[in-house]
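> Give the three-dimensional model of this entry:
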Amino acid sequence: MSGLLSPALLLRLLFAVAVSVFVLTATAFAHEIRPAYLQIDQTGATRYKVVWRTPVLSGMRLPVMLRFPDSVRTLTGPVEREVPDSRIETRVVETSNGTLAGERLEFVGLQATITDVLVRVHLLDGSVSTTMVRPSQPWIDVASRPDSLEVAKTFIHHGMEHILFGYDHLLFVLALIFIARDWRALLWTVTAFTAAHSITLTLATLGFVHVPGPPVEAAIAFSILLLACEIIRIQNGRQSLTAQRPWLVAFAFGLLHGLGFAGALAGLTLPQSDIPLALLFFNVGVEVGQLMFIAVVIAIVGLARLVRYPPSVGRRAFVTATYLIGTMASFWCVERLAAF
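You can find the predicted model right below:
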């Protein structure tokens, strides 16, 4: 079929398909599904305190049920309480085998969702294990000896997921790429964005800065819309601070996006002792995911340049992509303001 189409028309058709797929997926995942959280603290030789937190989205609780093995019985609870974005169950359990080590805990219904479960097990000997359970394998076998690398792997993966499935952050990075017209400008712009969101991510996670989530999410959408407008201004030949100093704009808005990243860690309600390592590796995961996205965009642009097409086709594709960014940002802005 490609032999019947000119390279220019083929490129435009492929771009249209890519735009359609992106719009559908970005709309579906405009709100990130926060992970559920299971905390198990050993309080005695055979007793454990269990805290099970499930996220609530639009008034609906995540349809996942925690199932213990037959050797575990509930002594007290569960006691339920609701917070603005979650429902929390607390109970005390006892195992007839003397320990939970080697036992399998199941998350019934998790395989039908798109969220994960962060599991933290704290034993009497002081050992702590932290594991992320995925829908593809909705259970965990409690380890008797925690893997020292598990925390690093868990939070690096969580950070990568947060940005790669956080389409608002990706659209902002894409807009920065559009604005930076050479490699040097792109390097400085991405570095400034990384430094800025790392600063506010750290301050917010450690509790020095606290900003409610909904206003931050609405402001992030608005920042993307502003960048889209700036791209159009630059294309029309108008003078702009964004074009002259893109790194400055990236740094300013990066501070805002860092507060959005912090919400992913704050939603896990981690113990204070776990926050420093979680923060470090989560930030590493965010940067890895961001670099992966930038590499993919640069590769696509490089492949597109191999196709011979009229300059007007490239300009129309660029303008269409810019308007797509602005349209999605406008949609998110209205949606998030309406949710206040």
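> which SSE is residue 40 in?
strand 36-42 (DSSP states H and E).
> Over to residue 218?
Per DSSP H and E: residue 218 is located in helix 213-235.
> which helices and strands sit right next to that helix?
helix 167-179, helix 241-244, helix 246-266, helix 311-338 (3 or more C-beta pairs under 8 Å, 6 or more residues apart in numbering; DSSP states H and E). Every C-beta, even on glycine, is put in place using the N, C-alpha and C of the backbone.
> picking that back up, partner strands of the strand holding residue 40, with direction?
When sheet partners are counted by DSSP bridges, strand 36-42 sits next to strand 47-57 (antiparallel), strand 117-122 (parallel).
> Show the average pLDDT along the longest one.
What that stands for is strand 47-57. For strand 47-57, mean pLDDT is 88.
> Equivalent analysis for the shortest one, please.
Mean per-residue pLDDT for strand 117-122: 88.
> Please apply the same query to stretch 278-289.
According to the model, stretch 278-289 has a mean pLDDT of 88.
> ok, now stretch 178-191?
The average pLDDT within stretch 178-191 is 85.
> Tell me the buried residues in it?
Within stretch 178-191, the residues scored as buried using 16 or more other C-beta atoms under 10 Å are 178, 179, 180, 185, 186, 188, 189, 190.
> nearest spatial neighbour of the third one, skipping sequence neighbours?
With C-beta to C-beta, 6 or more residues apart in numbering as the measure, residue 186 is the residue that lies nearest to residue 180, at 3.9 Å, once sequence neighbours are left out.
> so which helix or strand takes in that neighbour?
Residue 186 belongs to helix 183-205, assigned by DSSP H and E.
> rewinding a little: just tell me which of the helices and strands packed on helix 213-235 ends up closest to residue 158.
Set against residue 158 and scored by C-beta to C-beta, the helices and strands packed on helix 213-235 come closest in helix 246-266, at 7.2 Å.
> How many residues are close by residue 195?
Residues lying near residue 195 (other C-beta atoms under 10 Å) number 15.
> Read off the pLDDT value for it.
92.
> Might one say that it is in contact with residue 254?
Yes. Taking C-beta atoms under 8 Å as the definition, residue 195 is a contact partner of residue 254 at 7.1 Å.
> pLDDT below threshold where in this structure?
1-33, 58-59, 144-148, 267-269, 304, 307-314, 340 (pLDDT under 70).
> how about the residue nearest to the spatial centre of it, what does it touch?
A centroid search over the chain (C-alpha atoms, centre = their mean) returns residue 162, at 1.5 Å, as the residue closest to the centre. The neighbours of residue 162, taking C-beta atoms under 8 Å, 6 or more residues apart in numbering as the test, are 32, 261, 264, 282, 285, 286, 289.
> Looking at these, which are in strands?
Nothing among the contacts of residue 162 maps onto strands, per DSSP state E.
> Which of those residues sits closest to residue 79?
residue 264 (26.9 Å).
> residues near residue 233, how many?
14.
> Repeat that for residue 72.
18.
> May I see the buried residues of the helix holding residue 218?
Buried, per 16+ other C-beta under 10 Å, within helix 213-235: 213, 216-231, 234.
> Count the neighbours of the spatially closest residue to residue 54 that is not a sequence neighbour for me.
Among residues not flanking residue 54 along the chain, residue 62 sits closest, at 4.4 Å (C-beta to C-beta, 6+ apart). As a burial measure, residue 62 scores 22 neighbours (other C-beta under 10 Å).
> Next, work out how far apart the residue nearest to the centre of the chain and residue 62 are.
Relative to residue 62, residue 162 is positioned 17 Å away (C-beta to C-beta, to the nearest Å).
> Equivalent analysis for residue 166, please.
Residue 166 sits 19 Å away from residue 62, going by C-beta to C-beta.
> All good on my end, thank you.
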